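Peer 1: no sequence on this one, just coordinates:
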Ligand SMILES: Cc1ncc(COP(=O)(O)O)c(C=O)c1O
Ligand SMILES: Cc1ncc(COP(=O)(O)O)c(C=O)c1O
């Protein structure tokens, strides 16, 4: 594992830890700029999972035998490590299969409270017809549709905070959208299309002012900026392991203790109960109350390894390095004819290293194909943010997103390729 | 990989494919008899996942780039392979994070239909107060609590089919419990405590007679008997990857096409929609409609490898081998003083190689500890089946469960250890 | 495979000078179909008229999409004109079969005309849906006509 | 660690001849606590009386469980009798600390008497809850008294 003390990391050394980055694509060295979709995984993560599976594999929490006890310890240590990474304590961290599952957990638990589940304690979450759920115009479908469905099931109304032309949130609008009837404010920390870090403190302040619950989608911030979820003051937050160097199939829901204590369960089944009769069940306290059935045990252990790796590199160094990449990428794109950046907020706005853009006269799909032929992997399409694309008058865009293992040379290869697109497709000059 | 054509498999050769089985526990060679909780994984499964992660890793279904296209192909090939294994077609197979998630999917989708979601097509699933959901007394909590909660949310009534003293289902009772108002009959193919194969055809017949939906919990049958889910005639079925040589964090829901077509979605988010506005979403057809967010891609690929491995050995050979182990284990336990087998149905009843038992005068936890000291890993406790344990007048039992990689020598080591328990704890003779 | 063999000159040309582009009046049309590709958000609306002999006439369409989908619809509009309905159905089946063949079946120039340049698409599984979009729309429209 | 050092003679003895077993009448009792271990389904109900000086008296209990949990409750009933309330609380804290130490802190025989035989349990993380069950019940009962 690479450990550096310098604030700027040694990307070449980091790269060597990621076997996949040595691949060639279409005969060209892979330039992977699709980390916002899913990150590559360092060898220590692959090793952690394999070690677990070959030496300790056993079902956790339910065995007297040695393997089961060892597996349980590794699993619970992983919980502490992941909680630590976001500044939380282990009881505040619920394993989920990913961010999408975490947001659905919250939305369905509120729906269950509305149907009278969870007793007295859960009553504070129950929605009445006409109550309002607030999201932003820049949400990923994962932080939009679960709230649409919750609204449709309960008679609540879904409202949204618009974004300015430069991609920043319209805080004046937010102050009027969030009001008396607002019960939930769900918003992303960083949009997966705009790359802009949203003003969490302002939104939390507005939400708390009306007693609304806050849900933060930290998918695109957790891998890139040092996070302190309790410090941000949100009630709930989610992130996905596969976007932060970890495995697929695992993520987490963070919750303030009093909120988790009061929320009724969502998924039900084994390992989350105390007493079960054929007629009813009593539930364990959080986090177990929300973890029904066999958990992604080896993935938890591997995710912990991923976050230890990130901590080893240092999140400050990761952040500083990615800021360099961000500036280089954005400046380079601005300089290419026919490129329109989506939500190109003025310099000085905090961002992650992610740019979505439109190439005048060339469809995003064709741009992606052209870049792929040069070994450059980017994402094209609506990136699960159709409303935001519609807001900017397009149906699809090209998105390049970097991570700690990208180099300035990667950015240059990418920019060079982009500058050839319009010529190849015979548009422009 | 081991390929055999003989009907009886070569357990020693199979064992060599499972690195974990070479472990020593407390200085003794590991005798792993806890496969009903989670199975060990052959090297080909670990390799398949690692290969994917080091060579092809990319987000599926949404990329124009080469890696993403390759990943998508492997992912969809895996779906076909897993569907094949249970006799289904790819469109009938929905990925879930495990069996628990699959049963919750069904219960919540029905709940959503009850709340008016899913339009006209879904109306057939909507429950009215007083409608009945039927389960059996031998269900795992995973196939019990989701139905309790659905009943509590909708005003439906949960009823159950009792088991006889010998563990077999009371089919006379079933015929009277399943009636006019029955809307769902959810039952396990094989109980994880009794090991008895339930009469699926009889239950399906009763359910179809009253137009009720059937849900089969195939967790404990899928790894052990050749399965043809469409042939069994059930509407829905679930199983978990980690119990059938595959990874944690993946499982599947099988559904008859007409049922999946009509069911409203459960989890919502990315990749399961066609058009999304801020106000509403249109959903894709099955299976995608039920697969919100990033799927457990590498796990899907690895699960397919696990099932190809099982097919390579041959499910008939697996079944025949495990039948031998079953008979040896049961006969051996019957011969030991002070052992009471839970649900010891007469010989001739079809079973898997699993025995749960009570040791007179020694608590299950102590039995487990004693066996562990001899390297024998079994499970102790209620095995997520509290109602069934209560039915037999106990709170906990010891459970030994075998898989294709166990040998007759494993069974003998286990039996020898069990026969020393009561002497060690100073009870009995 | 090289990018140039995917994006042949003739494809880029059709994508810029789209034959049949601009939806004909609904009056006189036999059927219309709307199709979309949920992955990239591309959409097409295609309209067709069947003449007295049952032959395909006036294939017109509108929509936004990548150059492959636009070129493919344009080529189809040209190719299908005047074709007996049954022949058009067979054509669509053959096209689908070739595109799903992962590069093992080429599109015959005699049968497919300009559209035979789309053979290369079948090696790019992620792009097959783009090339199929207009063809699926015609298939659907014929089924409704 | 050998099985014999976990299941010492004295533990097996206490698990069979359980001191304080059989719940005293609720009359005269200062507090009762019910605890359970969701993992194995074990349960205990423990009752305690505080005398005029505030000392722990008549620790009685009922419940089913493994030999570790039964022996541990039995040892506690014997040990706590007559102890000033504050001292009992400290005792429980020390016990918890040692049991959670994964074998690094032994239970002192002077302080814990027979219960010091439970030191070995701390190496078996899955069994710590069994040994703690009665002690958590006493802690809870004292908090309610
Ligand atoms: C019969 C049965 N059903 C359901 C489950 C739940 O499976 P999982 O925990 O993998 O979701 C299990 C295993 O724990 C089981 O044995
Ligand atoms: C901002 C944001 N939220 C939510 C998600 C959903 O995460 P997952 O698909 O891992 O559940 C993603 C990624 O796809 C994302 O970028």
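Peer 2: Structure received. This structure is a prediction, so every number in the text was calculated from the model and none was measured. Numbers count the residues shown, from 1 in each chain, chains lettered A, B, ... in the order given. Ligands and ions are numbered 1, 2, ... in the order given.
Peer 1: What about residue A:426, how many residues nearby?
Peer 2: By other C-beta atoms under 10 Å in any protein chain shown, 15 other residues sit near residue A:426. Where C-beta positions appear, they are placed from N, C-alpha and C, glycine not excepted.
Peer 1: ok, it - contacts?
Peer 2: C:12, C:16 (C-beta atoms under 8 Å, 6 or more residues apart in numbering or on different chains).
Peer 1: Repeat that for residue A:356.
Peer 2: By C-beta under 8 Å, 6+ apart, the residues touching residue A:356 are A:193-195, A:341-343, A:383, A:397-399.
Peer 1: what secondary structure does it sit in?
Peer 2: Here residue A:356 is strand, with the state taken from DSSP: H, G, I helix; E, B strand; the rest coil.
Peer 1: what's the answer for the one 10 residues further on, then?
Peer 2: Assigned with three-state DSSP, residue A:366 falls in the helix class.
Peer 1: what's the distance between it and residue B:297?
Peer 2: Distance of residue A:366 to residue B:297, given as C-beta to C-beta, to the nearest Å: 26 Å.
Peer 1: And residue A:363, by the same measure?
Peer 2: Distance, residue A:363 to residue B:297, by C-beta to C-beta: 26 Å.
Peer 1: Then residue A:111?
Peer 2: 29 Å.
Peer 1: the more surrounded of residue A:363 and residue B:297?
Peer 2: Higher neighbour count among residue A:363 and residue B:297: residue B:297, with 29 against 26, using other C-beta under 10 Å.
Peer 1: Any stretches of chain C with poor pLDDT?
Peer 2: Residue ranges of chain C with pLDDT under 70: C:1, C:39-40.
Peer 1: Next to chain A, which bits of chain C? Give me the list.
Peer 2: Contact residues, chain C versus chain A (C-beta under 8 Å from any C-beta of the partner chain): C:2-3, C:6-7, C:12, C:16, C:39-43, C:64-68, C:124, C:127, C:130.
Peer 1: Now intersect the residues you listed with the helices, please.
Peer 2: Using DSSP state H, the subset of those located in helices is C:3, C:6, C:12, C:16, C:67-68, C:127, C:130.
Peer 1: farthest pair in these?
Peer 2: Based on C-beta to C-beta, the longest span within these runs between C:16 and C:127 and measures 18.3 Å.
Peer 1: between those two, which one's more packed in?
Peer 2: Between residue C:16 and residue C:127, counting by other C-beta under 10 Å, residue C:127 is the more crowded of the two (26 against 15).
Peer 1: just checking, the more buried one touches residue C:121?
Peer 2: Yes: using C-beta atoms under 8 Å, residue C:127 is in contact with residue C:121, at 5.2 Å.
Peer 1: The residue of the stretch 101-250 of chain A found nearest ligand 1: how many residues sit nearby?
Peer 2: Residue nearest to ligand 1 within the stretch 101-250 of chain A (C-beta to the nearest ligand atom): residue A:249, separated by 12.4 Å. Residue A:249 has 32 neighbours, counted by other C-beta under 10 Å.
Peer 1: Is it within a helix or a strand, and which one?
Peer 2: Residue A:249 belongs to no helix or strand when assigned by DSSP states H and E.
Peer 1: which residues does the closest residue to residue A:323 other than its chain neighbours contact?
Peer 2: Excluding the flanking residues, the one nearest residue A:323 by C-beta to C-beta, 6 or more residues apart in numbering or on different chains is residue A:353, at 7.4 Å. Applying C-beta under 8 Å, 6+ apart to residue A:353 gives the contacts A:195, A:224, A:322-323, A:325-326, A:329, A:401-403, A:406.
Peer 1: Relative to ligand 2, how far out is residue A:353?
Peer 2: 14 Å (C-beta to the nearest ligand atom, to the nearest Å).
Peer 1: same deal with residue A:289?
Peer 2: Distance from residue A:289 to ligand 2, by C-beta to the nearest ligand atom: 21 Å.
Peer 1: Thought residue A:274 was touching that residue, still the case?
Peer 2: No: Residue A:289 lies out of contact with residue A:274 (C-beta under 8 Å); the separation is 10.1 Å.
Peer 1: neighbour-wise, which of those two wins?
Peer 2: Using other C-beta under 10 Å as the criterion, residue A:289 and residue A:274 rank with residue A:289 on top: 21 against 16.
Peer 1: which SS state does residue A:293 fall under?
Peer 2: Residue A:293 carries the three-state label coil when classified by three-state DSSP.
Peer 1: How many residues are close by it?
Peer 2: 26.
Peer 1: Need the nearest residue in space to it, chain neighbours excluded.
Peer 2: In space, and not counting its chain neighbours, residue A:293 is closest to residue B:100: 2.7 Å by C-beta to C-beta, 6+ apart.
Peer 1: Counting neighbours, what do you get for the one you found?
Peer 2: Applying other C-beta under 10 Å, we find 32 residues neighbouring residue B:100.
Peer 1: for residue C:64, same thing?
Peer 2: Burial of residue C:64 is recorded as 14 neighbouring residues (other C-beta under 10 Å).
Peer 1: one step back: anything in contact with each of residue C:127 and residue C:121?
Peer 2: C:6, C:68.
Peer 1: if I pick residue 128, what's in contact with it?
Peer 2: Using chain A. By C-beta under 8 Å, 6+ apart, the residues touching residue A:128 are A:155-156.
Peer 1: try again with chain C
Peer 2: The contact partners of residue C:128, by C-beta under 8 Å, 6+ apart, come to C:99-100, C:121-122.
Peer 1: for residue A:382, same thing?
Peer 2: Contacts of residue A:382 (C-beta under 8 Å, 6+ apart): A:389, A:395-397, C:40-41.
Peer 1: Low-confidence bits of chain A, can you list those?
Peer 2: A:1-7, A:60-64, A:429.
Peer 1: Show me what from it comes close to ligand 1.
Peer 2: Within chain A, the positions adjacent to ligand 1 are A:270, A:293-294 by C-beta under 6 Å from any ligand atom.
Peer 1: And residue C:87, how far from residue A:51?
Peer 2: For residue C:87, the distance to residue A:51 - C-beta to C-beta - is 62 Å.
Peer 1: And those two? Which one has more around it.
Peer 2: Set side by side, residue C:87 and residue A:51 show more neighbours around residue A:51, with 16 against 13, by other C-beta under 10 Å.
Peer 1: tell me the angle of the host helix or strand of the more buried one relative to helix B:43-51?
Peer 2: Here residue A:51, judged by DSSP H and E, is contained in helix A:43-51. Angle of helix A:43-51 versus helix B:43-51, following axes from the mean of the first three to the mean of the last three C-alpha atoms, to 10 degrees, is 160 degrees.
Peer 1: mind listing what's buried in helix A:43-51?
Peer 2: Within helix A:43-51, the residues scored as buried using 16 or more other C-beta atoms under 10 Å in any protein chain shown are A:43-46, A:48-51.
Peer 1: Next: stretch A:375-394.
Peer 2: Buried, per 16+ other C-beta under 10 Å, within stretch A:375-394: A:375-392, A:394.
Peer 1: Give me the subset of those lying in helices.
Peer 2: A:386-391.
Peer 1: Distance to chain C added to these, as a markdown table?
Peer 2: Formatted as a markdown table, those follow (distance: C-beta to the nearest C-beta, whole Å):
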| residue | distance to chain C |
| --- | --- |
| A:386 | 7 |
| A:387 | 12 |
| A:388 | 12 |
| A:389 | 8 |
| A:390 | 10 |
| A:391 | 14 |
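Peer 1: and which of the residues you listed is nearest to residue A:131?
Peer 2: Distances from residue A:131 to these, taken as C-beta to C-beta, are shortest for residue A:387 (21.6 Å).
Peer 1: That's all I had, so thanks and see you.
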